[in-house]
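J.: structure of the sequence below:
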Amino acid sequence: MIKQLILSSFILLLSYHNGTAQYQASQIPKEFLSRASATIIEENILLELKAPNQLIEKGNRVITILNKSGAEYADLLFYYNKSKQIKEIKGEIFDESGNLVKKFNIKNFKDYSANSETNLFDDYRIKNFDGNQSLYPYTIAYSYEIKHSQSLVLPIWKPNLYRDISIQKSTFKVVTHPQVKLRINSKNYQQSPVIESNDKLRSYSWSTENLPASRYEPYSPIFSKNNISVEVVPEKFEYFNIEGEITDWHSFGLWMNQNLLKGKQNLPESTIEKIKYLTRNIASDKEKAKVLYEYLQNKTRYISVQIGIGGFEPITASEVDRLGYGDCKALVNYMMSLLEVVNIPSYYCHVEAGNTKIDIDPEFANIVDGNHVILCIPFPNDTTFLECTNQNLPFGYLGTFTDDRKVLACTDNGGKILKTTAYKYNHNIQFRKAKLKMDENGNVLGAMETKFKGTQFESPFNNIKLNLDQQKSSLRKLYDINRISFTKIEYQVERSDHPSLVEDLEFTIENFGNKSKDFLTIYPNIFNRSAAIPTIRNRNNPVYINRGFTDIDSTEIELPENLIAAIIPINKKIEVPMGTYEFSVKIMDSKIVCYRKFQIREGMYAAESYADFNEFMLEVSLIDASKYNLSLKKDI
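T.: Next comes the predicted model:
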């Protein structure tokens with residue numbers, strides 16, 4: 001039985017060497033070609049967990065690249081470091097007819113550092129082979145073997161990870177000793193794993209086949225939520241010579257505190273005295289925390305460190321204090337240490353950062369959940385989160401990088417799931433007032449004030465630190481108006497519990513009004529126009545709006561005397577479950593007055609509601625582009 005378990009996996013890994021006829025592109029069934037850039041003919045992954053510090057990963061894949069859009073899938077990348085050694089890679093490339101084009105092995109791979117510009121230290125390296133061919137379709141068949149010296153971070157089976165890859169067959173097998181307790185988290189997989197065991201070995205197998213590629217549907221939930229995935233993690237593990245046992249997020253938080261955070265909050269006595277001095281006359285804990293956050297921002301800068309267990313373990317607070325830099329882990333730990341001096345408790349929090357909101361899975365503890373660390377200060381009735389890697393953000397502001405998602409807080413009593421600050425559509429505000437004057441040739445001279453709040457606060461925030469020429473260039477891209485020239489640019493930030501930013505601009509726009517013999521064409525809505533969204537028939541996915549907003553624009557355009565100030569007013573209001581739009585144009589005192597309010601509400605909506613949303617956005621785009629041909633007065 002033992003030999004059968006290993007032998008069956010070995011046969012799978014070598015199966016692609018049996019011949020070439022199976023790789024004729026014409027043999028791929030039509031259902032795997034629709035919407036596909038590539039198709040996986042066969043894929044097998046085997047994990048042999050021999051000991052807490054010894055895991056063997058073997059795999060093979062046969063993938064046909066169908067067209068140029070699938071070229072990226074012919075670029076083979078293998079990451080490795082001290083805990084992950086690549087023992088072997090070999091493969092073959094076949095043309096459309098199944099004829100062998102070339103063979104390759106590990107010697108044909110380029111090898112280079114994975115260090116990025118933001119990483120000061122990173123021990124990861126990459127082996128890379130570009131299998132791209134000039135003629136499509138073609139097939140790449142390859143196998144590999146990797147040795148892992150840890151058992152905490154294991155490969156995750158995600159057969160249909162990419163929308164434009166169809167899957168003919170994919171399997172995943174884990175082999176270990178019967179006494180090893182595995183935690184298994186499967187999603188969107190309907191069957192139970194096939195389990196085979198005897199006195200010395202136990203195997204768990206998953207398999208799927210006949211998964212077609214799917215089309216892109218805008219405003220869909222995160223694609224991975226509907227994908228098959230299987231995570232396998234042993235309860236007892238070893239990671240960079242540190243042993244541990246994790247059964248849930250509570251025990252994960254304890255392990256983090258005891259093994260990776262404990263003893264790292266030490267600060268030099270001079271810094272402790274300085275912190276006490278800075279906060280000596282402040283009564284409120286929240287005000288003390290604000291002062292210390294600004295101290296952190298002024299003293300430190302962000303540099304990534306990804307070495308060994310350093311990918312999860314912060315350097316000490318005293319090192320950050322001495323060096324003046326650190327990665328997210330180190331800076332959060334440093335801020336915790338500053339707060340500890342004045343007896344303010346705080347939590348080290350794992351979060352999946354990025355513009356798209358992704359939660360830590362509350363039901364399954366896995367160290368690979370989360371790619372960033374932030375700080376939580378649990379003030380009574382006022383939980384506050386801090387982004388410690390940004391030197392400019394106001395105290396308590398997270399923004400779109402880590403907002404509105406579940407995170408893991410590592411407390412002294414264990415891990416617990418918290419939810420970060422949510423910014424709702426009616427708080428994500430852009431409020432603009434513009435007063436313009438147009439001359440008889442259609443040139444515009446104007447001033448405009450815009451207030452940004454909530455997540456819209458971020459939109460112009462980076463402009464503040466730019467020089468004047470960079471600001472002008474950035475604003476030209478942002479407003480995307482031909483021949484606009486800025487003569488005044490000022491920013492003012494209100495740093496409060498609900499921070500806001502005011503942008504004050506003065507500018508000219510040459511020939512904005514298009515002059516002809518008898519008319520001057522004017523677009524009342526100058527600064528904020530929406531685009532239509534694609535029409536999708538027979539939609540499958542629900543409508544998901546990741547983040548909502550509210551835009552309010554009020555624009556006055558003083559008209560030149562040579563125009564006949566007469567128009568047909570517009571007064572529109574349309575609404576769907578996802579949003580509301582109001583638009584009006586009229587003439588008052590020889591001025592065109594335009595008002596626009598546009599709200600999009602975050603949330604999940606039924607798939608069939610997309611048709612109404614599509615029609616709504618089309619109508620918004622058409623009204624936004626409204627124009628008037630104003631008659632020129634005739635000379636008498």
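J.: use CA for all of it now, contacts and neighbours both
T.: Will do.
J.: any stretches of this structure with poor pLDDT?
T.: For the chain, the stretches flagged by pLDDT under 70 are 1-22, 115-123, 305-310, 635-636.
J.: care to break it down by domain?
T.: Per the record, the chain has its domains at 2-239, 246-419, 429-631, by automatic domain parsing.
J.: only C-alpha atoms, please: export stretch 353-364 in PDB.
T.: Extracted in PDB, the C-alpha atoms of stretch 353-364 (Å, rounded to 0.1, in the frame of the first residue of the first chain):
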ATOM      1  CA  ALA A 353      -3.800  45.000   2.000                       C
ATOM      2  CA  GLY A 354      -4.800  46.400  -1.400                       C
ATOM      3  CA  ASN A 355      -7.400  48.400  -3.100                       C
ATOM      4  CA  THR A 356      -9.800  45.400  -3.200                       C
ATOM      5  CA  LYS A 357     -11.200  44.500   0.100                       C
ATOM      6  CA  ILE A 358     -10.200  41.000   1.100                       C
ATOM      7  CA  ASP A 359     -10.900  39.600   4.600                       C
ATOM      8  CA  ILE A 360      -8.800  37.300   6.700                       C
ATOM      9  CA  ASP A 361     -10.700  34.000   6.600                       C
ATOM     10  CA  PRO A 362     -12.300  33.900  10.100                       C
ATOM     11  CA  GLU A 363     -12.800  30.200   9.900                       C
ATOM     12  CA  PHE A 364      -9.300  29.000   9.000                       C
END
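J.: what's that stretch in contact with?
T.: Applying C-alpha atoms under 8 Å, 6 or more residues apart in numbering, the external contacts of stretch 353-364 come out as 185, 248-249, 351-352, 369-372, 400-408, 417, 546.
J.: narrow the residues you listed to those in strands?
T.: 185, 351, 372, 406, 407, 408, 417 (DSSP state E).
J.: who's the fifth one bridged to?
T.: Counting by DSSP bridges, residue 407 is bridged to residue 418.
J.: contacting residues for it?
T.: Neighbours of residue 407 in contact, by C-alpha under 8 Å, 6+ apart: 349, 350, 351, 352, 359, 360, 370, 417, 418, 419, 420.
J.: ok, 10 Å please
T.: Neighbour list for residue 407: 349-353, 358-362, 369-370, 373-374, 415-420 [criterion: C-alpha atoms under 10 Å, 6 or more residues apart in numbering].
J.: can you say which of the residues you listed are buried?
T.: By neighbour count, with 16 or more other C-alpha atoms under 10 Å, these hold 349-353, 358-360, 369-370, 373-374, 415-420 as buried.
J.: which of the ones in strands among the contacts of stretch 353-364 lies closest to residue 619?
T.: When the ones in strands among the contacts of stretch 353-364 are compared for distance to residue 619 (C-alpha to C-alpha), residue 406 wins out at 36.2 Å.
J.: in the stretch 451-600 of the chain, which spans are strands?
T.: 484-494, 500-509, 514-515, 519-522, 543-545, 549-558, 570-576, 579-588, 591-600 (DSSP state E, counting those that start in this stretch).
J.: what strands line up against the longest strand anywhere in the chain, and which way round?
T.: If you go by DSSP E, the chain has its longest strand at strand 38-51. If you go by DSSP bridges, strand 38-51 pairs up with strand 54-65 (antiparallel), strand 165-176 (parallel).
J.: just the CA trace of it, in CSV.
T.: The C-alpha coordinates for strand 38-51 follow below in CSV (Å, rounded to 0.1, in the frame of the first residue of the first chain):
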residue,chain,number,x,y,z
ALA,A,38,-4.5,28.8,-22.5
THR,A,39,-5.7,25.4,-21.5
ILE,A,40,-4.2,23.1,-18.9
ILE,A,41,-4.4,19.6,-20.3
GLU,A,42,-3.1,18.0,-17.1
GLU,A,43,-1.7,19.2,-13.8
ASN,A,44,-0.6,17.2,-10.7
ILE,A,45,0.7,18.5,-7.4
LEU,A,46,2.1,16.1,-4.7
LEU,A,47,3.1,17.2,-1.2
GLU,A,48,5.0,14.6,0.9
LEU,A,49,5.2,15.8,4.5
LYS,A,50,8.0,13.6,5.9
ALA,A,51,8.7,15.6,9.1
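J.: what is the nearest of the ones in strands among the contacts of stretch 353-364 to residue 574?
T.: residue 406 (34.3 Å).
J.: phi and psi next, for residue 209.
T.: phi -150, psi 160 (degrees, to the nearest 10).
J.: ah, wrong one, I meant residue 269
T.: According to degrees, to the nearest 10, residue 269 has phi -60, psi -40.
J.: where's it relative to residue 337, distance?
T.: According to C-alpha to C-alpha, to the nearest Å, residue 269 and residue 337 sit 12 Å apart.
J.: try residue 559
T.: Note on residue 559: its distance to residue 337, by C-alpha to C-alpha, is 61 Å.
J.: likewise for residue 507?
T.: Distance from residue 507 to residue 337, by C-alpha to C-alpha: 48 Å.
J.: neighbour-wise, which of those two wins?
T.: residue 337 (23 against 16; other C-alpha atoms under 10 Å).
J.: looking at this, that one is in a helix?
T.: Yes. Counting by DSSP: H, G, I helix; E, B strand; the rest coil, residue 337 falls inside a helix.
J.: ok, now which ones touch it?
T.: 264-267, 272, 316-318, 331, 343-346.
J.: which of those residues tops the neighbour count?
T.: Within those, neighbour counts (other C-alpha under 10 Å) peak at residue 331, which reaches 31 neighbours.
J.: excluding covalently adjacent residues, which one is nearest to that residue?
T.: Using C-alpha to C-alpha, 6 or more residues apart in numbering and skipping residues adjacent in sequence, the residue nearest residue 331 is residue 388, 5.9 Å away.
J.: hang on, that neighbour packs against residue 348?
T.: No. Contact criterion C-alpha atoms under 10 Å: residue 388 and residue 348 do not qualify, at 11.1 Å.
J.: what about dumping the CA coordinates of stretch 485-492 to CSV?
T.: Below are the C-alpha coordinates for stretch 485-492, written out as CSV (Å, rounded to 0.1, in the frame of the first residue of the first chain):
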residue,chain,number,x,y,z
SER,A,485,-3.0,75.8,-17.6
PHE,A,486,-2.8,76.2,-13.8
THR,A,487,-1.8,79.5,-12.4
LYS,A,488,-2.4,78.8,-8.7
ILE,A,489,-2.2,75.5,-6.8
GLU,A,490,-2.7,75.3,-3.0
TYR,A,491,-3.6,72.5,-0.6
GLN,A,492,-4.8,72.6,2.9
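J.: in it, which residues are buried?
T.: Buried, per 16+ other C-alpha under 10 Å, within stretch 485-492: 485, 486, 489, 491.
J.: how about those, which pair is most distant?
T.: 485 and 491, at 17.3 Å, using C-alpha to C-alpha across the buried residues of stretch 485-492.
J.: so residue 275: helix, strand or coil?
T.: helix.
J.: hang on, it packs against residue 342?
T.: Yes. Contact criterion C-alpha under 10 Å: residue 275 and residue 342 qualify, at 7.9 Å.
J.: shared neighbours, these two?
T.: With C-alpha under 10 Å, 6+ apart as the test, residue 275 and residue 342 both reach 288, 292.
J.: pretty sure residue 613 contacts residue 542?
T.: No. Under the criterion of C-alpha under 10 Å, residue 613 is not in contact with residue 542, lying 11.8 Å apart.
J.: just the CA trace of stretch 527-545, in PDB.
T.: What follows is stretch 527-545, C-alpha atoms only, in PDB (Å, rounded to 0.1, in the frame of the first residue of the first chain):
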ATOM      1  CA  PHE A 527     -14.600  68.800 -14.600                       C
ATOM      2  CA  ASN A 528     -16.500  65.500 -13.800                       C
ATOM      3  CA  ARG A 529     -17.800  63.200 -16.400                       C
ATOM      4  CA  SER A 530     -18.600  59.500 -16.100                       C
ATOM      5  CA  ALA A 531     -18.200  56.800 -18.800                       C
ATOM      6  CA  ALA A 532     -20.700  54.100 -19.800                       C
ATOM      7  CA  ILE A 533     -20.000  50.500 -18.800                       C
ATOM      8  CA  PRO A 534     -20.000  47.500 -21.100                       C
ATOM      9  CA  THR A 535     -23.300  45.800 -22.000                       C
ATOM     10  CA  ILE A 536     -23.300  42.200 -20.600                       C
ATOM     11  CA  ARG A 537     -26.100  39.900 -21.700                       C
ATOM     12  CA  ASN A 538     -27.000  36.700 -19.700                       C
ATOM     13  CA  ARG A 539     -24.800  37.900 -16.900                       C
ATOM     14  CA  ASN A 540     -23.700  35.200 -14.400                       C
ATOM     15  CA  ASN A 541     -22.100  37.100 -11.500                       C
ATOM     16  CA  PRO A 542     -23.800  39.400  -9.000                       C
ATOM     17  CA  VAL A 543     -23.000  43.100  -9.200                       C
ATOM     18  CA  TYR A 544     -20.400  44.000  -6.700                       C
ATOM     19  CA  ILE A 545     -19.300  47.600  -6.000                       C
END
